[in-house]
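build me a structure from this.
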Amino acid sequence: MDSDSYGIIALGLGLGNALGAGVGVAIGAVTGDLPFWLGMGIGLGASLGTAMGVVVSRDGEAGEMDGPEKVESV
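Numbers count the residues shown, from 1 in each chain. Prediction:
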């Protein structure tokens, strides 16, 4: 993965965090368990946002890693 795609991944992470935090606050305010739902929303938003950023940076292909991405152990 080249360094040009890191911006796309960071954008996905940021958007995932923001959306997850918003949804977590909304659910937590209704249920009365704000810390749990805020943490859950941020965690799920970060993971899904990062995954979507990786998929977009690979032009929609989320298969195995390319040769340059693999860590070759000796």
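
which element is residue 39 on?
Assigned by DSSP states H and E, residue 39 belongs to helix 34-57.

now do the buried residues in that helix.
Within helix 34-57, the residues that count as buried by 16 or more other Cβ atoms under 10 Å are 37-38, 40-42, 45-46, 48-50, 52-54, 57. Glycine gets a C-beta too; all of them are placed from N, C-alpha and C.

between the residues you listed, which is closest to residue 28?
residue 37 (3.5 Å; Cβ to Cβ).

and the closest one, what is it in contact with?
Going by Cβ atoms under 8 Å, 6 or more residues apart in numbering, residue 37 touches 24, 25, 27, 28, 31.

just the CA trace of the helix holding residue 39, in PDB.
Only the C-alpha atoms of helix 34-57 are listed here, as PDB (Å, rounded to 0.1, in the frame of the first residue of the first chain):
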ATOM      1  CA  LEU A  34     -24.000   7.000  28.000                       C
ATOM      2  CA  PRO A  35     -20.500   5.700  28.700                       C
ATOM      3  CA  PHE A  36     -21.200   2.300  27.400                       C
ATOM      4  CA  TRP A  37     -22.800   3.400  24.200                       C
ATOM      5  CA  LEU A  38     -20.300   6.100  23.500                       C
ATOM      6  CA  GLY A  39     -17.500   3.700  23.900                       C
ATOM      7  CA  MET A  40     -19.300   1.100  21.700                       C
ATOM      8  CA  GLY A  41     -20.100   3.700  19.100                       C
ATOM      9  CA  ILE A  42     -16.500   5.000  18.900                       C
ATOM     10  CA  GLY A  43     -15.000   1.500  18.800                       C
ATOM     11  CA  LEU A  44     -17.300   0.200  16.100                       C
ATOM     12  CA  GLY A  45     -17.100   3.500  14.100                       C
ATOM     13  CA  ALA A  46     -13.300   3.400  14.100                       C
ATOM     14  CA  SER A  47     -13.100  -0.200  13.000                       C
ATOM     15  CA  LEU A  48     -15.700   0.100  10.300                       C
ATOM     16  CA  GLY A  49     -14.400   3.500   9.100                       C
ATOM     17  CA  THR A  50     -10.800   2.100   8.800                       C
ATOM     18  CA  ALA A  51     -12.000  -0.900   7.000                       C
ATOM     19  CA  MET A  52     -14.000   1.200   4.500                       C
ATOM     20  CA  GLY A  53     -11.000   3.500   4.000                       C
ATOM     21  CA  VAL A  54      -8.800   0.400   3.200                       C
ATOM     22  CA  VAL A  55     -11.400  -0.800   0.700                       C
ATOM     23  CA  VAL A  56     -11.700   2.500  -1.000                       C
ATOM     24  CA  SER A  57      -7.900   3.000  -1.100                       C
END
